[in-house]
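Novice: Mind looking at a prediction? Sequence and model below.
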Amino acid sequence: APRWMISAKRLRLPRSPVSFLEPFNMVEKTATIRNEQGIHCRPSAMIVRFASEYSGQIMVTGERGATALRSILELMAMELFPGTTVNIRVNGPDEERFCDDLVDIFQTHFDFPARE
């Protein structure tokens, strides 16, 4: 058999991004998007930058999917418009405080100047 077929048998696909969070060892909260334009590029960049500083695990789930907050594009693809709710789950050190901070960020009214 070709070498690529043998190594393909040993290949283990990553689990669903949601599966790495232990259901009993996490904090879970809900946030409602309040920004007038929703979570577009600039708020997404701020949120992902903030989340990248956390050493634990994060999962944000909405009506249109889920993200571990590692990618701006994944967050934007969730189409988080005003009034949309997201479920935020955090597992790791100081998870309660960090989850509260994420709820605050998702509920922020971002005041970015309009681009012309």
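Specialist: Now that the structure is in, tell me what you want to look at. Numbers count the residues shown, from 1 in each chain.
Novice: Can you list the low-confidence ranges for the protein?
Specialist: The chain contains residues with pLDDT under 70 at 1-24, 112-116.
Novice: For the protein, which segments count as helices?
Specialist: With DSSP state H as the definition, the chain shows helices at residue ranges 3-10, 41-52, 72-77, 95-106.
Novice: closest to Thr84 out of those?
Specialist: Proximity of the helices of the chain to Thr84 was assessed by CB to CB; the nearest stretch is helix 95-106, lying at 9.6 Å. Bear in mind the C-beta positions are built from the backbone N, C-alpha and C, glycine included.
Novice: Using CSV, list the CA coordinates for that closest one.
Specialist: As requested, C-alpha coordinates have been extracted for helix 95-106 and formatted as CSV (Å, rounded to 0.1, in the frame of the first residue of the first chain):
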residue,chain,number,x,y,z
GLU,A,95,-12.7,31.6,34.7
GLU,A,96,-15.4,33.5,36.5
ARG,A,97,-13.8,36.9,36.2
PHE,A,98,-12.7,36.3,32.6
CYS,A,99,-16.2,35.1,31.6
ASP,A,100,-17.6,38.3,33.2
ASP,A,101,-15.1,40.4,31.2
LEU,A,102,-16.1,38.6,28.0
VAL,A,103,-19.8,39.3,28.7
ASP,A,104,-19.0,43.0,29.2
ILE,A,105,-17.1,43.2,25.9
PHE,A,106,-19.8,41.4,23.9
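Novice: ok and it relative to helix 41-52, angle-wise?
Specialist: In terms of direction (axes from the mean of the first three to the mean of the last three CA atoms, to 10 degrees), helix 95-106 departs from helix 41-52 by 170 degrees.
Novice: What lies in contact with helix 95-106?
Specialist: 26-33, 39, 46-47, 50-51, 54, 56, 58, 60, 80, 86, 88-90, 92 (CB atoms under 8 Å, 6 or more residues apart in numbering).
Novice: and the most centrally placed residue in the chain, what does it touch?
Specialist: Centrality entry for the chain: nearest residue to the mean C-alpha point is Leu69, 3.3 Å, by CA atoms, centre = their mean. By CB under 8 Å, 6+ apart, the residues touching Leu69 are 47-48, 51-52, 58, 60, 75.
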